[in-house]
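Asker: Here is a sequence together with a model predicted from it:
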Amino acid sequence: MTVTVLTGPSGVGKGTVVTRLIQQHPEIWLSVSVTTRPPRPGEKHGVNYWFISDDEFDALVASDNLLEWALVHGIHRYGTPRQPVLKALAEGRACLLELDLAGARRVRRKMPESRTVFLMPPSRAELERRLRGRGTEGEAELARRFRTADEELAAAAEFDQIIVNRDVAQTCEELVGFMGLSPDMTGRDIQPD
């Protein structure tokens with residue numbers, strides 16, 4: 001097994017795809033990021049994120065125990081811990097990392113054997129419709145996200161596989177195939193009698 005890195009612009013449906021994929025294939029190990037920000041209501045330590053102090057984050061950086069990390073919005077840091085990924089690989093598990101473009105590039109540099117997937121919207125107009133439909137960002141934030149999305153879409157050719165997210169079920173099926181997993185719901189190979 002190897003690491004699969006899933007990337008795509010905000011609003012493309014990465015979270016929805018990952019949630020469904022993990023429900024259908026619990027054998028997939030999904031990386032949980034560390035962050036220096038405090039938990040939001042309903043978030044759980046070790047489930048949504050590992051919530052750590054600035055000093056703990058500094059120690060992870062200094063010891064090269066993050067595959068990638070970034071300062072987000074100039075406030076809090078987020079990163080992918082190296083050791084849990086290596087442990088899951090040693091156990092023979094399929095590993096999935098859901099990252100932004102910069103994070104995917106960093107993981108690729110540190111783990112050249114990783115495989116990368118870019119989740120593409122059916123069209124730029126559909127991506128805009130999805131982002132606006134969430135109703136969670138104001139116009140200034142939407143404009144920033146659209147600029148970032150255009151930069152990300154321009155980088156899609158860097159990835160090993162591009163999957164267009166028209167339908168979540170079909171997208172999950174394509175991702176399972178790319179990861180080399182059995183298409184049945186348990187992830188186990190079905191052997192003929």
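Answerer: Noted; the coordinates are in hand.

Asker: only C-alpha atoms for contact and neighbour calcs from this point on.
Answerer: Fine.

Asker: hang on, residue 96 is in a strand, isn't it?
Answerer: Yes - under DSSP: H, G, I helix; E, B strand; the rest coil, residue 96 sits within a strand.

Asker: contacting residues for it?
Answerer: Contacts for residue 96 (Cα atoms under 8 Å, 6 or more residues apart in numbering) come out as 3-6, 28-31.

Asker: Please repeat the previous calculation with a cut-off of 6 Å.
Answerer: For residue 96, the contacting residues are 3-5, 30, by Cα atoms under 6 Å, 6 or more residues apart in numbering.

Asker: Please identify which of these is nearest to residue 166.
Answerer: Here the nearest of the contacts of residue 96 to residue 166, counting by Cα to Cα, is residue 5; it sits at 19.6 Å.

Asker: before we move on, back to that, adding neighbour count, write the contacts of residue 96 out as a markdown table.
Answerer: Formatted as a markdown table, the contacts of residue 96 follow (neighbours: other Cα atoms under 10 Å):
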| residue | neighbour count |
| --- | --- |
| 3 | 26 |
| 4 | 22 |
| 5 | 24 |
| 30 | 21 |
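
Asker: taking those residues one by one, which sit in strands?
Answerer: Residues of the contacts of residue 96 located in strands (DSSP state E): 3-5, 30.

Asker: Need these in TSV (columns: pLDDT).
Answerer: TSV is the format used below for these (pLDDT from 0 to 100):
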residue	pLDDT
3	97
4	98
5	98
30	97
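
Asker: Since that was my last question, I'll sign off now.
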